[in-house]
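J.: after the sequence you'll find the predicted model.
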Amino acid sequence: MRRPRALRQLLRLGLEMPGGGPAVRSAAGRTLVLWTREVRGVPVPGDGTRVVLNGVGELVGFAIEESPLATPPARLARSDAALRAVAALLPSGAVADARPELAWVLPTEGAGEPLSQRVPRRLAWCVRGVLRDGAAFEVQLDAGNLALLGWDGAL
């Protein structure tokens, strides 16, 4: 019910219709309708269109986030090669428990902090898993050369 109202609000503002199905959440008496941005069929986490509606479906606000993207690699590494590369990086007892998925990610600095939002996101193979202590992690490898782009232990 909220998705059609959110779409009507975007049309009234003359904005482009987002593709795909949105996620719908409620917060503080408002409805958030969120479409994740995809480029060439690959998600760009954190990017997309967000419409906020009040309790009766009226527009409260909207935002469109579009990060800059690096040129994708000319040739993608295979997902099984990405999984092997991640396995070589894991500490003892850690397990990669999900198959690699492509996403446009923001590379991190040595301390795991994301680089400036002005740095283009790069196409990456993302692999999730668990450490020996049960903590979740995600490793992000460049989709072309499998260089380490990021390690997120705060999932």
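T.: Perfect, thanks for sending it.

J.: can you pull up the most central residue in this structure?
T.: Closest residue to the average C-alpha location of the chain: residue 45 at 1.8 Å, with C-alpha atoms, centre = their mean.

J.: mind pulling up the pLDDT for that residue?
T.: If you check residue 45, the pLDDT there is 89.

J.: before we move on, what about residue 148?
T.: 94.

J.: for it, which non-adjacent residue is spatially closest?
T.: Among residues not flanking residue 148 along the chain, residue 141 sits closest, at 6.1 Å (C-beta to C-beta, 6 or more residues apart in numbering). (Glycine included, C-beta is placed from N, CA and C.)

J.: swap in residue 123?
T.: The shortest distance from residue 123 to any residue other than its chain neighbours is 4.2 Å, reached at residue 143 (C-beta to C-beta, 6+ apart).

J.: again with residue 135
T.: residue 153 (6.3 Å).

J.: kindly provide the distance from the one you found to residue 88.
T.: 18 Å (C-beta to C-beta, to the nearest Å).

J.: between these two, point out the one with more neighbours.
T.: Taking other C-beta atoms under 10 Å, residue 153 and residue 88 do not tie; residue 153 has more neighbours (11 against 7).

J.: report the contact partners of the more buried one.
T.: Residues in contact with residue 153 (C-beta atoms under 8 Å, 6 or more residues apart in numbering) are 112, 131, 135, 136, 137.

J.: ramachandran coordinates for the fourth one?
T.: The one in question is residue 136. In terms of degrees, to the nearest 10, the main-chain angles of residue 136 are phi -80, psi 150.
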